[in-house]
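Student: Below: sequence and its predicted model.
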Amino acid sequence: HMGSIVFYEDRNFQGRSYECSSDCADMSSYLSRCHSCKVERGCFMVYDRINFMGNQFFLRRGEYSDYMSMMGMNDCIRSCRMIPMHRGSYRMRIYERENFGGQMSELMNDCDNIMDRHRMSNCMSCQVMDGHWLMYEQPHFRGRMMYMRPGEYRSFMNMGMGSMRVMSMRRIMDSYY
């Protein structure tokens, strides 16, 4: 069940390529630029800054011949993470403020709008107990996104995306693979 992604220097899978099946914190040691990719197996998160920072995008199996125009990215892919498949339950606590402050809600399923479902106007920190999740800037899984694996996230501010608010979140299910 290993993931596999191939990055290409140019659009339409042209130029030098680099195949990756794990996390890569800095792609510049392999490719000077990256404008297209093919996900052959699994799911990946790609980032427009090194060390898994900056704007991030979720990729599942498929061909991305010019992802910059498709995703509105204004820069190349600089790092990537392989998302391991998770079987079992999903559980996450979301908090209104940084450092697990303010109102708390516990989620075990997708939430398309934290305002409607939990009467929360913002989510600025979280604890992921089980499963892998995508957090979205806008309700109904729209806008910029962040990948969350099990762990504690005291502040979304230091993830290199500025002051992104989170309004919806969903589980990365095995059906995505």
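Tutor: Arrived safely.
Student: how about the nearest residue to G42 once chain neighbours are set aside, what does it touch?
Tutor: Excluding the flanking residues, the one nearest G42 by CB to CB, 6 or more residues apart in numbering is G3, at 2.5 Å. (Glycine included, C-beta is placed from N, CA and C.) Listed by CB atoms under 8 Å, 6 or more residues apart in numbering, the contact set of G3 reads S21, V39, R41, G42, C43, F44, M82, I83.
Student: For the fifth one, which non-adjacent residue is closest in space?
Tutor: Once flanking residues are discounted, C43 sits nearest to I83: 4.4 Å by CB to CB, 6+ apart.
Student: what's the helix or strand for the residue nearest in space to the middle of the chain?
Tutor: Most central in the chain under CA atoms, centre = their mean is Y147, positioned 3.1 Å from the mean C-alpha point. Taking DSSP states H and E as the definition, Y147 sits inside strand 142-148.
Student: In that strand, which residues are buried?
Tutor: Within strand 142-148, the residues scored as buried using 16 or more other CB atoms under 10 Å are R144, M145, M146, Y147, M148.
Student: what sits up against it?
Tutor: 45, 55-58, 81, 83, 92, 126, 128, 132-137, 156, 159, 161, 164, 166-169, 172.
Student: Now restrict those residues to buried residues only.
Tutor: Buried, going by 16+ other CB under 10 Å: 45, 55-58, 81, 83, 92, 126, 128, 132-137, 156, 159, 161, 164, 166-169, 172, out of the contacts of strand 142-148.
Student: what ranges do the strands span in this structure?
Tutor: Ranges of strands within the chain are 4-10, 14-20, 36-41, 43-49, 53-59, 62-64, 79-83, 91-97, 101-107, 125-130, 133-138, 142-148, 151-153, 168-171, based on DSSP state E.
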